[in-house]
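Student: Requesting a structural model of the entry that follows:
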Amino acid sequence: METSDLSVIELNGTPRERGRHYGQFASSQIAKIVKLWRAELGSYSADSACKKSINPDAYLHEFLSQTNHLAALTQWVPELLEELKGIAEGADQPFENICGLQLLDEEWMFGMSRNLSQSADKCTAFAVSNQANNISYAGQNMDVGSWVDNKQVLLRVMPRGGAPEALIFSIAGNTGLNGLNAQGLGVTCNTLAQLNYSSDGLPVGAIVRCILSMQTIDEAEQFLRLVPHASGQNYILSSGGDMRCFECSANRVVRYQPESGDERIFHTNHPLVNDDLNDFLAPQKKRNANTVARLNSICTRLGDTAKTFTLEDIKAALAAHDNPKHPVSRNTNNEGSPIGYTAGSSIYELGDTPRLHLAAGPPCETAFEIFDFKTL
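Tutor: Numbers count the residues shown, from 1 in each chain. Down below sits the predicted model:
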């Protein structure tokens, strides 16, 4: 998708009203993405026989009935649950489809725990503070399945009940993957499938939306340490010159602080400090060539604390193919994991006026555009 073709959906009103508008506006995209997502349920293998053996209705029912993520949404984010109901109504979709579409990482963990062929080598995140003009940058490449291409959206969630305006990158029907709010608070997330998960935990998408409704990075850290985590994730919280990185699992939240300090933080898909590991990923999968290569690439390009990096340097790092087999920017021609596609690349510019730089596809072939906040 070209960034100029990206749908920007402004959400106002009550949670139910926001959801209905979202569902109506993106109904055709949602219908397409639901069909493609259901076709992938339970298996990301290229083995067609494996895919055919899984009935999506039965698998989705098993997943939703054997996990308590819906109860966690009810307890921790009832307004977001109302928004999901509104999306289902507006898009004329069964609620189970819309609910399941919020649980991408959680479904991957559910499948892997049952020895289904899954891959979780996705997303490259960074934070680089105090550059020229006292501007800090954070952001990520959001890697999912290539089946989401041309169905990416940008949600502009307008202020309500003390929550600031937020710009949230997502795919049609999903309430948020990563983003930045008008207070200059950003959040990135990348999967750590090696860590323990919880069928009672709060899904990563709900955590992202909650953080982006907050005013300060202190409030966001407190929230990360309080909630039960459904899946192993790394979150980078960013606010001006303050960058904080947390590896979160079902039983532990551990802050990662590089030896060089928090001015340069980089993360991919293996835990660096959290040892709360699950028992179904083989030891050799804890740190594979793909996640290591991407981490080495972005560290090499942006890790020198003696250098001042420009916005163009950061765009180049996110577009890098330093290791052609395991590039940071992953397009549909890449071999390997079918979830290894960069659906969007986000850069949060954190200065006096926060703004989002977004490429709605792999940054190696997709132009960035600037998105400003209306309420500033």
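Student: Can you give me the neighbour number for T375?
Tutor: When neighbours are counted by other Cβ atoms under 10 Å, T375 registers 10. Bear in mind the C-beta positions are built from the backbone N, C-alpha and C, glycine included.
Student: now do P324
Tutor: By other Cβ under 10 Å, neighbour count at P324 equals 8.
Student: per-residue pLDDT, it?
Tutor: P324 carries a pLDDT value of 90.
Student: Quick check: D262 is in a helix.
Tutor: No. D262 is assigned coil when assessed by DSSP: H, G, I helix; E, B strand; the rest coil, not a helix.
Student: That one - nearest residue in space that isn't next to it in sequence?
Tutor: Residue nearest to D262 in three dimensions, not counting chain neighbours: M243, with 4.9 Å by Cβ to Cβ, 6 or more residues apart in numbering.
Student: packing partners for the helix or strand harbouring C189?
Tutor: In the assignment (DSSP states H and E), C189 maps to strand 186-191. Contact analysis of strand 186-191 by 3 or more Cβ pairs under 8 Å, 6 or more residues apart in numbering; DSSP states H and E lists strand 124-128, strand 136-144, strand 178-181, helix 204-211, strand 233-239, strand 341-350 as its packing neighbours.
Student: which helices and strands does the second one pack with?
Tutor: Translated: strand 136-144. Against strand 136-144 (3+ Cβ pairs under 8 Å, 6+ apart) you get strand 124-128, strand 178-181, strand 186-191, strand 233-239, helix 311-318, strand 341-350.
Student: how about these, which one is nearest A71?
Tutor: For A71, the closest of these is strand 233-239, at 19.5 Å, according to Cβ to Cβ.
Student: In the sheet, which strands lie alongside the helix or strand that that closest one is followed by, parallel or antiparallel?
Tutor: Downstream of strand 233-239, the first helix or strand assigned by DSSP H and E is strand 242-248. Strand pairing for strand 242-248, determined by DSSP bridges: strand 233-239 (antiparallel), strand 253-256 (antiparallel).
Student: Report the buried residues of the shortest one.
Tutor: For strand 253-256, the buried set under the neighbour-count rule, 16 or more other Cβ atoms under 10 Å, comprises V253, V254, Y256.
Student: C-alpha coordinates for it, PDB please?
Tutor: Taking Å, rounded to 0.1, in the frame of the first residue of the first chain, the C-alpha atoms of strand 253-256 are listed here in PDB:
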ATOM      1  CA  VAL A 253       7.900  -7.500  34.100                       C
ATOM      2  CA  VAL A 254      11.600  -6.800  33.700                       C
ATOM      3  CA  ARG A 255      13.000  -3.500  32.600                       C
ATOM      4  CA  TYR A 256      15.800  -3.800  30.000                       C
END
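Student: hmm, back to that, I'd like the helices and strands packed on strand 136-144 written out as JSON lines, with mean neighbour count added.
Tutor: Converted to JSON lines, those look like this (neighbours: other Cβ atoms under 10 Å):
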{"stretch": "strand 124-128", "mean neighbour count": "28"}
{"stretch": "strand 178-181", "mean neighbour count": "29"}
{"stretch": "strand 186-191", "mean neighbour count": "28"}
{"stretch": "strand 233-239", "mean neighbour count": "26"}
{"stretch": "helix 311-318", "mean neighbour count": "19"}
{"stretch": "strand 341-350", "mean neighbour count": "27"}
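Student: To N97, which of the ones you listed lies closest?
Tutor: Per Cβ to Cβ, nearest to N97 of these: strand 341-350, 19.4 Å.
Student: Test of understanding: give the bridge partners of the residue nearest to D262.
Tutor: Here M243, judged by DSSP bridges, has bridge partners S238.
Student: what does Q140 give?
Tutor: In this entry, Q140 is beta-bridged to A125, S346, by DSSP bridges.
Student: tally of neighbours for it?
Tutor: Using other Cβ under 10 Å: Q140 sits among 28 other residues.
Student: A125 is in contact with that one, correct?
Tutor: Yes. With contact defined as Cβ atoms under 8 Å, Q140 counts as touching A125 (4.0 Å).
Student: tell me, what's touching those two both at once?
Tutor: T188, C189, N190, I236 (Cβ atoms under 8 Å, 6 or more residues apart in numbering).
Student: part of a strand, is L167?
Tutor: Yes. Under three-state DSSP, L167 sits within a strand.
Student: which stretches of this protein have low pLDDT?
Tutor: Residues of the chain meeting the criterion pLDDT under 70: 42-53, 115-120, 280-286, 332-339.
Student: Report the residue ranges of every domain in it.
Tutor: Structurally, the chain divides into domains by automatic domain parsing as follows: 10-112, 124-371.
Student: Include distance to M1 when you put these into TSV, please.
Tutor: Listed next are the domains of the chain as TSV, based on distance: least, Cβ to Cβ, whole Å:
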stretch	distance to M1
domain 10-112	11
domain 124-371	5
